[in-house]
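*Asks:* Starting from these lines, generate the structure:
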Amino acid sequence: MSEVANAVNTNDMLAVGNGSQQYLTFMLAGEEYGVDILRVQEIKGWDSVTPIPNTPAYILGVINLRGTIVPIIDLRLKFGLEKLQYGPTTVVIVVKVNNGTNRSRIMGIVVDGVSDVYSMPDGDIKSSPDFGVAVDTGYVRGLATVNNKMVIVLEIDNMLNSKELAAAEAASA
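*Replies:* Okay, here's the model as predicted:
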């Protein structure tokens with residue numbers, strides 16, 4: 001984790017030239033997901049949270065991160081996956097989420113572990129397949145093949161908006 005954390009904490013978190021962007025990838029239930037590295041604020045080891053009553057099960061609670069109240073969301077539960085005991089590789093990725101109205105919110109997502117940082121040309125990210133109305137793919141920006149493996153690139157603004165931002169606002173109030 002330290003190599004990836006060091007890569008994220010440098011000042012090199014800028015979009016790569018020639019239409020490429022960098023993505024922090026992480027593991028969740030054996031699959032590799034990626035988020036735009038420009039949205040990643042920090043990577044923290046798992047620590048306990050303060051639960052907030054009357055929130056969805058995937059909102060674990062909040063943490064105080066240097067004076068900022070940060071809601072913590074378990075992506076396994078958000079995606080309807082089996083809940084696992086948190087272990088030594090479990091991390092919280094602190095991300096900046098925009099809601100489209102010039103407002104942003106810092107939120108944390110719990111994942112099984114960080115994987116790597118990849119530079120991906122925009123053309124290498126293919127649209128997610130159409131599953132019809134049976135599957136909501138609004139959270140998925142696209143799919144990319146990196147080093148012979150599939151990476152699911154997430155759209156965090158869609159994934160962590162609406163109910164999550166409302167719950168975050170209520171929690172920090």
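*Asks:* Tell me which stretches of this protein form helices.
*Replies:* Under the criterion DSSP state H, the chain carries helices at the ranges 2-9, 75-78, 156-159, 163-172.
*Asks:* got a list of what residue 24 touches?
*Replies:* 4, 8, 34-35, 37, 40, 43, 93, 114, 116-117 (Cβ atoms under 8 Å, 6 or more residues apart in numbering). In this view, the C-beta of every residue, glycine as well, is placed from N, C-alpha and C.
*Asks:* how does it look with 7 Å?
*Replies:* Applying Cβ atoms under 7 Å, 6 or more residues apart in numbering, one finds that residue 24 lies in contact with 8, 34-35, 37, 40, 114, 117.
*Asks:* May I have the beta-bridge partners of it?
*Replies:* In this entry, residue 24 is beta-bridged to residue 35, residue 117, by DSSP bridges.
*Asks:* Return the distance of it relative to residue 62.
*Replies:* Taking Cβ to Cβ, to the nearest Å as the criterion, residue 24 is separated from residue 62 by 22 Å.
*Asks:* Kindly report the same for residue 90.
*Replies:* Here the distance between residue 90 and residue 62 works out to 17 Å (Cβ to Cβ).
*Asks:* And for residue 155?
*Replies:* Using Cβ to Cβ, one gets 24 Å for the distance from residue 155 to residue 62.
*Asks:* Neighbour count for those two, which is higher?
*Replies:* The neighbour comparison of residue 155 against residue 62 (other Cβ atoms under 10 Å) goes to residue 62, with 22 against 17.
*Asks:* Read off the pLDDT value for that one.
*Replies:* Per-residue pLDDT puts residue 62 at 93.
*Asks:* Please apply the same query to residue 100.
*Replies:* On the pLDDT scale, residue 100 is placed at 68.
*Asks:* same question, residue 107
*Replies:* At residue 107, the model reports a pLDDT of 93.
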